[in-house]
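Visitor: Based on what follows, work out the 3D shape:
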Amino acid sequence: MSDDRIIVGALSGSFGVHGDVRIKSFCADPETIADYTPLTRGDGVVITTIVIKGQTKGSLIARVDGITTKEEADGLNGTELFALRDQLPSLPDDEFYHADLVGCMTYDTGGNELGRVKAVQTNGAEDLLEIISPAQKDTVLVPFSATIVPTVDLAAGRIVLDPPRGLFDDPTETE
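Guide: Residues are numbered from 1 along each chain as shown. Here you go, the predicted model:
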């Protein structure tokens, strides 16, 4: 997807047998996802209408144009939904769209490079930056909080971290 699109949710299967879908909304107010139509599905299909019918644990229940059967809804499970950036509200200085954080280089408070943001994970309690670090075998998950992430400079593509001790230690080093 191009930089003018932001992921705002994902289809997460059917609800019932009449073509209603579950939508996992990534919006601060989940139901506002319907306000950002038209949305583009990850497969390129444009959704012009979303009618929110209710909520279930962790997702919205909705009627989405182009989906009329349970099988169609189930077949689209995991399909991402994108809105145009200019359809979305401007954010305060201390809030960011996940898409803007992906690809930023991270540094510790001393200026040492830690790695690049691969993704932003949402676990319900707080967001986690998934960082690809050359010094680590696996990606590193860092809580995205003001304490641990004191500086985000999107213009420079730079994020400063004050991670908990040991999080970015080189696993080949011994004390």
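Visitor: show me where pLDDT drops low in this structure?
Guide: 1-3, 124, 170-175 (pLDDT under 70).
Visitor: mind listing the helices in it by residue range?
Guide: 70-75, 98-101 (DSSP state H).
Visitor: Now do the shortest one: everything it contacts.
Guide: Same thing as helix 98-101. Helix 98-101 is contacted from outside by 3, 5-7, 26, 117, 119-120, 127, 129, 152, 154, 159, using C-beta atoms under 8 Å, 6 or more residues apart in numbering. Placement of C-beta: from N, CA and C, glycine included.
Visitor: Try it again at 10 Å.
Guide: If you take C-beta atoms under 10 Å, 6 or more residues apart in numbering as the criterion, helix 98-101 is touched by 1, 3, 5-7, 26, 82, 85, 91, 117, 119-122, 127, 129, 144, 149, 152, 154, 157, 159.
Visitor: mind saving the C-alpha coords of stretch 118-135 as CSV?
Guide: Extracted C-alpha coordinates of stretch 118-135, given in CSV (Å, rounded to 0.1, in the frame of the first residue of the first chain):
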residue,chain,number,x,y,z
LYS,A,118,9.3,-3.7,11.9
ALA,A,119,5.7,-3.4,13.2
VAL,A,120,3.6,-2.0,16.0
GLN,A,121,1.8,-4.8,17.9
THR,A,122,-1.4,-4.1,19.8
ASN,A,123,-2.1,-6.4,22.7
GLY,A,124,-4.9,-4.5,24.4
ALA,A,125,-3.0,-3.1,27.3
GLU,A,126,-0.4,-1.1,25.4
ASP,A,127,1.2,-1.0,22.0
LEU,A,128,4.6,-2.7,21.5
LEU,A,129,7.2,-1.7,19.0
GLU,A,130,8.6,-4.7,17.2
ILE,A,131,12.2,-3.9,16.4
ILE,A,132,14.6,-5.7,14.1
SER,A,133,18.0,-5.4,15.9
PRO,A,134,21.2,-6.6,14.2
ALA,A,135,22.5,-7.6,17.6
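Visitor: Show me which parts of it are buried, residue by residue.
Guide: Val120, Asp127, Leu128, Leu129, Glu130, Ile131, Ser133 (16 or more other C-beta atoms under 10 Å).
Visitor: Tell me which two of those sit farthest apart.
Guide: Spatial extent of these (C-beta to C-beta) is set by the pair Asp127 and Ser133 at 18.2 Å.
Visitor: Pull out the buried members of the contacts of helix 98-101.
Guide: Among the contacts of helix 98-101, those classed as buried by 16+ other C-beta under 10 Å are 5-7, 26, 82, 117, 120, 127, 129, 144, 149, 152, 159.
Visitor: okay if I get those as TSV plus distance to Tyr97?
Guide: Below are the buried ones among the contacts of helix 98-101 laid out as TSV (distance: C-beta to C-beta, whole Å):
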residue	distance to Tyr97
Arg5	10
Ile6	5
Ile7	9
Phe26	9
Phe82	11
Val117	13
Val120	9
Asp127	11
Leu129	14
Phe144	13
Val149	15
Val152	11
Ile159	14
